[in-house]
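Q: Structure of the sequence below:
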Amino acid sequence: MPVLRRLVLIGILTILGGCASRAVELHYYMLHSPQAAQSSQPDSQIAVVLGDITLPDYLRQRQLAYQTSPTTLHFASQHVWSSPQDEAIHRLLTNALRDQQIAVVTPDRHQASPSPVTLSIIIDDFIPSWEGQLILKGEYIIAYPGQKDTLRTFDYRTTLTQDGFAHSVAKMRTLITELGARLGSEISE
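A: Numbering: from 1, shown residues only. Now for the predicted structure:
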């Protein structure tokens, strides 16, 4: 009997050990699309320094967030961003501006005259909500050389037609691209 008990105990411990060692499966999401063609730097008279992109704390987290009520957010422990969101947004906006023949430059690399326009973006909200909407709102500042800075607000919303983070992330790409188109139009005027 003691041998049988030992075998049963070893079997139970083996089963429990197998359950405890199972890794949590993570799902990684990219805000930018690697499949999208990268826009080349245009030979343009308009040069923009895409400066700071300021994000709320919940977008600096690794986990994807979802607004579950007017006052609460849920962070998905198994659904995470593949890269920091300020970098991904910068990448999307750069492509959107280049598509409009606006050269995006870094301040230390731009030596030509005239001085470039500087663009800073503050995102207040960028989140799917319990109401079935994706919200992107905030403000941007365009600093033209030798002129007073221009401050504008933006508020983009789109309906989520499917459940799941994959659909939300695809819609996020669309809204950032729309913001980039608006920025390009204003800078080109």
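Q: for whatever helix or strand Val48 lives in, packing partners?
A: Taking DSSP states H and E as the definition, Val48 sits inside strand 47-54. Packing contacts for strand 47-54, counted by 3 or more Cβ pairs under 8 Å, 6 or more residues apart in numbering; DSSP states H and E, involve helix 85-99, strand 103-105, strand 117-128. Glycine gets a C-beta too; all of them are placed from N, C-alpha and C.
Q: mind checking the SS state of Thr161?
A: Under DSSP: H, G, I helix; E, B strand; the rest coil, the three-state class of Thr161 is coil.
Q: gap between it and Ile10?
A: Applying Cβ to Cβ, to the nearest Å, the value for Thr161 to Ile10 is 53 Å.
Q: same thing with Trp81?
A: 43 Å.
Q: now do Asp163
A: Asp163 is 44 Å from Ile10, by Cβ to Cβ.
Q: low-confidence ranges in this structure?
A: 1-4, 7-9, 11, 13-22, 35-45, 108-115 (pLDDT under 70).
Q: What segments of it are helices?
A: Assigned by DSSP state H, the chain shows helices spanning 2-20, 85-99, 165-188.
Q: For those, state which one has the densest average packing.
A: helix 85-99 (a mean of 20; mean count of other Cβ atoms under 10 Å).
Q: residue contacts, Thr150?
A: 141-144, 186 (Cβ atoms under 8 Å, 6 or more residues apart in numbering).
Q: What subset of those is buried?
A: Among the contacts of Thr150, the ones that count as buried by 16 or more other Cβ atoms under 10 Å are 142-143.
Q: what's the most distant pair in the contacts of Thr150?
A: Ala143 and Glu186 (12.6 Å; Cβ to Cβ).
Q: Just want the most central residue of the protein.
A: Centroid-nearest residue in the chain, with Cα atoms, centre = their mean: Gln85, separated by 4.0 Å.
Q: my guess is that one meets Thr54, correct?
A: No: checked against Cβ atoms under 8 Å, the pair Gln85 and Thr54 is beyond contact range at 11.1 Å.
Q: Who are the contact partners of the nearest residue to Tyr144 once chain neighbours are set aside?
A: In space, and not counting its chain neighbours, Tyr144 is closest to Val117: 5.6 Å by Cβ to Cβ, 6 or more residues apart in numbering. Applying Cβ under 8 Å, 6+ apart, we find Val117 in contact with 46-49, 142-145, 187.
Q: quick check, nearest of these to Gln101?
A: Ile46 (7.4 Å).
Q: so that closest one touches Ser185, yeah?
A: No: here Ile46 lies out of contact with Ser185, judged by Cβ under 8 Å, at a distance of 11.7 Å.
Q: bridging residues for the nearest residue to Thr174 once chain neighbours are set aside?
A: The shortest distance from Thr174 to any non-neighbouring residue, by Cβ to Cβ, 6+ apart, is to Thr158 (6.8 Å). Applying DSSP bridges to Thr158 gives these bridge partners: Leu134.
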